[in-house]
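Enquirer: no FASTA, just this:
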DNA sequence: CTGTTAGCGCCTTCAA
DNA sequence: TTGAAGGCGCTAACAG
């Protein structure tokens, strides 16, 4: 980028006006300040000819706004899971003429400090602090809380109300998961990943405990409890596989499973299919996340999507809102249901829900060996 | 970030020296220019006390370097596949005191122009133009080619030699895939995704054609040809599933498959396991990408990893190198073999390679039903 | 050894 | 309706 840049002064000189005039014209305030039409046209023409581009750095220096936002996350950008968080933020930013700095801390507090500082040193107008998994976290010290938003993260008690926070509505999704299975006719629902008690969740997982609360509340309203529950301290496919094996050994069939995320569900699929059983014939499964995997599984997995794109876009929107009537609120974004083919009635009976979104028949035929 | 910032002038005043002196001290050129030790200490102490931070924008304005790099991709940041491209670039940048702007074009040329311009307007010191899939692409017009590097992309003929390009060494991986299977004793190797002829590849996939060339060359050196090949125009699980079904219908067993990526392999696993057959007993499989999925499959998939992290880091390194002896070269980064359990000898015979990296025995036991 | 002066490119009074 | 002057915060020349 070393090539000599065209400056406003160059344009002004070439157009035979002062820098002021050129500046006013090019920032579209020419009419407002009644610059002659002739002068305006000349300035614009010359600017176009010289391919003039304003230097945002100097204007930032003068005006205090760099039209730049910082996005600091633990590991969102590069995770396989939450890339759409960034995508939502990016697109919203670009549409509004902002650029995004991205930083990843890997969870290291001093790296976070360095990155946040580096961005403040570059005069960012605002800062998004994002987390790959929803969790409670501190707001970085030493920055104006009015220009920060927590994304997929909740503020610590001390900061509640001072800083906006954007998270998925896990509780409602938990409730809805139960409703999907109840609507299909199930009353025996096995939990895979957390439960049975409301505190039986992996440490630090907000998603887990809120999903679980939603599930338990919805069951309780129908006078039910989980048919069984298996807590997994980690939620990877092999954990789901092991928990599903354990469930299969109890001999139950024709019932329903809620897995606490799609990777657990993947493991459960493997265990069920290795045992020669079928989904949804022997087990209906509902899950959470809408991991890319979910639509690759056979049958495709019914799951509640983490609304990453919307979360990211909303974070930017909140940051760019001038007026802030409800600044400091927690905003919960709905998790949409992706109704696919992993749910049927008890014993595999077809249901309205199950039929609603069928895969191509040829693929469907091969589902149960 | 509105709170009044401490400026260099504040520090200088508080330390009782001139701005110049303070500037020199704080940019570590105090000794070089023989500022008195006392003055240096005072300046440093005051700067620390006031929590002084230099305004990088103004120094960029003055010096011409913003210590900022732009990273423009089609859709790398948010893709599930290539996030490590960014991670490599990010970490290398941060280690060297650079920040990264990220932009995504979704392949739209005018969006690309806008993003590149937005970054140049912010005086980036360099620009990484990245692609999710390796492909040939134009270098954005109007920027100094000496501050651009193509990442996971090759320059068009007209730009060859003027701009560096960093890509995975797909050709060698193709060769190595054959070698892995040959070493296990296979001579009948089925291709799934491309082939049999060297031009039988999906459009625009550099990876596909180079992998295929490598495979065909390695086979030819042993006087072999692919036992069969199935071209898929898209490389998703369902395509792999369909191609594997077609292969299974031919009745072959105990042979080897090279799938052109891991998602195809996933589909092939589904088809093979639905048919009641086992991996690697009935089919050995080698693949490419090392998608996260590969280690979730049962048995875990042997595959050649796309070295995304290294690619990203190398892009930044090349950009930051002052001297550029071999500027404009194409650099090919090796794709490391992830040897797992999807390969055995013909007919499922164990091989040294297969045993080398065993999963936990309890999991292994359940692999073949 | 340290301070003064002069910009980097832009925007914003203020005066003409 | 336009221009001149000053300053955002920093650094590079050049004095002293």
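Expert: Everything's here; your move. Quantities reported herein were computed from a predicted structural model and do not represent experimental measurements. Residues are numbered from 1 along each chain as shown, chains lettered A, B, ... in the order given.

Enquirer: ok, then the element right after the helix or strand where residue A:216 lies?
Expert: In this structure, residue A:216 sits in helix A:206-221 according to DSSP states H and E. Following helix A:206-221 in sequence order, the next helix or strand is strand A:228-231 (DSSP H and E).

Enquirer: In contact with the residue most central in space within chain A, which residues?
Expert: Residue closest to the average C-alpha location in chain A (Cα atoms, centre = their mean): residue A:308, at 2.2 Å. Residue A:308 sits next to A:82, A:83, A:84, A:85, A:87, A:88 when contact means Cβ atoms under 8 Å, 6 or more residues apart in numbering or on different chains. C-beta: built from backbone N, CA, C; applies to glycine.

Enquirer: Can you check the pLDDT for it?
Expert: The score at residue A:308 is 94. That number is its pLDDT.

Enquirer: Excluding chain neighbours, what is closest to residue A:224?
Expert: Spatially, and ignoring its direct neighbours in sequence, residue A:224 is nearest to residue A:187 (6.1 Å; Cβ to Cβ, 6 or more residues apart in numbering or on different chains).

Enquirer: List the residues that contact whichever residue of the stretch 151-300 of chain A sits closest to DNA strand C.
Expert: Proximity to DNA strand C, evaluated over the stretch 151-300 of chain A using Cβ to the nearest atom of the strand, is greatest for residue A:164 at 27.3 Å. Applying Cβ under 8 Å, 6+ apart, we find residue A:164 in contact with A:149, A:150, A:318, A:327, A:328, A:329, A:330, A:331.

Enquirer: For residue A:289, grab the count of nearby residues.
Expert: Under the neighbour criterion other Cβ atoms under 10 Å in any protein chain shown, residue A:289 is assigned a count of 28.

Enquirer: Show me the helices in chain A, by range?
Expert: Taking DSSP state H as the criterion, chain A contains helices spanning A:8-15, A:19-26, A:37-49, A:56-63, A:83-95, A:109-121, A:170-183, A:206-221, A:237-249, A:262-274, A:308-320, A:352-356, A:361-365.

Enquirer: is it true that residue A:232 touches residue A:243?
Expert: Yes. The pair residue A:232 / residue A:243 is scored as a contact, 5.7 Å apart, by Cβ atoms under 8 Å.

Enquirer: Those two - which one has more neighbours?
Expert: Set side by side, residue A:232 and residue A:243 show more neighbours around residue A:243, with 27 against 22, by other Cβ under 10 Å.

Enquirer: contacting residues for that one?
Expert: Residues in contact with residue A:243 (Cβ under 8 Å, 6+ apart) are A:192, A:193, A:230, A:232, A:264, A:267, A:268.

Enquirer: Which single residue of the stretch 251-369 of chain A ends up nearest chain B?
Expert: residue A:296 (4.5 Å; Cβ to the nearest Cβ).

Enquirer: Tell me the spacing between that residue and DNA strand D.
Expert: The spacing between residue A:296 and DNA strand D, counted by Cβ to the nearest atom of the strand, to the nearest Å, is 52 Å.

Enquirer: confidence score at that residue?
Expert: The pLDDT attached to residue A:296 in the predicted structure is 94.

Enquirer: again, but for residue A:1
Expert: With respect to pLDDT, residue A:1 scores 41.

Enquirer: Please apply the same query to the one 5 residues further on.
Expert: pLDDT, residue A:6: 88.

Enquirer: Distance-wise, check it relative to DNA strand C.
Expert: The separation that residue A:6 has from DNA strand C, given Cβ to the nearest atom of the strand, amounts to 8 Å.

Enquirer: any idea how far that residue lies from residue A:55?
Expert: Here residue A:6 is placed at a distance of 10 Å from residue A:55 (Cβ to Cβ, to the nearest Å).

Enquirer: what does residue A:148 give?
Expert: On the measure of Cβ to Cβ, residue A:148 and residue A:55 end up 27 Å apart.

Enquirer: So if I had to pick from the two, which one is more boxed in?
Expert: A side-by-side neighbour count of residue A:148 and residue A:55, using other Cβ under 10 Å, places residue A:148 first with 24 against 19.

Enquirer: partners of that one in the sheet?
Expert: Note on residue A:148: beta-bridge partners residue A:127, judged by DSSP bridges.

Enquirer: Do I have it right that it meets residue A:141?
Expert: No. In terms of Cβ under 8 Å, residue A:148 does not count as a neighbour of residue A:141; the distance is 11.0 Å.

Enquirer: hmm, back to that, okay but the residue of the stretch 251-369 of chain A closest to chain B is in contact with residue B:265, surely?
Expert: No. If you go by Cβ under 8 Å, residue A:296 and residue B:265 don't touch, sitting 11.6 Å apart.

Enquirer: rewinding a little: which neighbours do residue A:232 and residue A:243 share?
Expert: Between them, residue A:232 and residue A:243 have A:192, A:193, A:264 as joint contacts when contacts are counted by Cβ under 8 Å, 6+ apart.

Enquirer: Give me the buried entries from those.
Expert: Of the members of the shared contacts of residue A:232 and residue A:243, the ones counted as buried by neighbours, 16 or more other Cβ atoms under 10 Å in any protein chain shown, are A:192, A:193, A:264.

Enquirer: Residue A:331 is in contact with residue A:166, isn't it?
Expert: Yes. Because the distance of 5.1 Å satisfies Cβ under 8 Å, residue A:331 is recorded as touching residue A:166.

Enquirer: So between the two, which is more surrounded?
Expert: Applying other Cβ under 10 Å to residue A:331 and residue A:166 shows that residue A:166 carries more neighbours, namely 29 against 15.

Enquirer: Contact partners for the more buried one?
Expert: Each residue near residue A:166 by Cβ under 8 Å, 6+ apart is listed here: A:149, A:150, A:151, A:152, A:311, A:314, A:315, A:318, A:330, A:331, A:333.

Enquirer: Looking at the nearest residue to residue A:131 once chain neighbours are set aside now. What's its pLDDT?
Expert: Closest residue to residue A:131 apart from its sequence neighbours, by Cβ to Cβ, 6+ apart: residue A:153 at 4.1 Å. In the prediction, the pLDDT value recorded for residue A:153 is 95.
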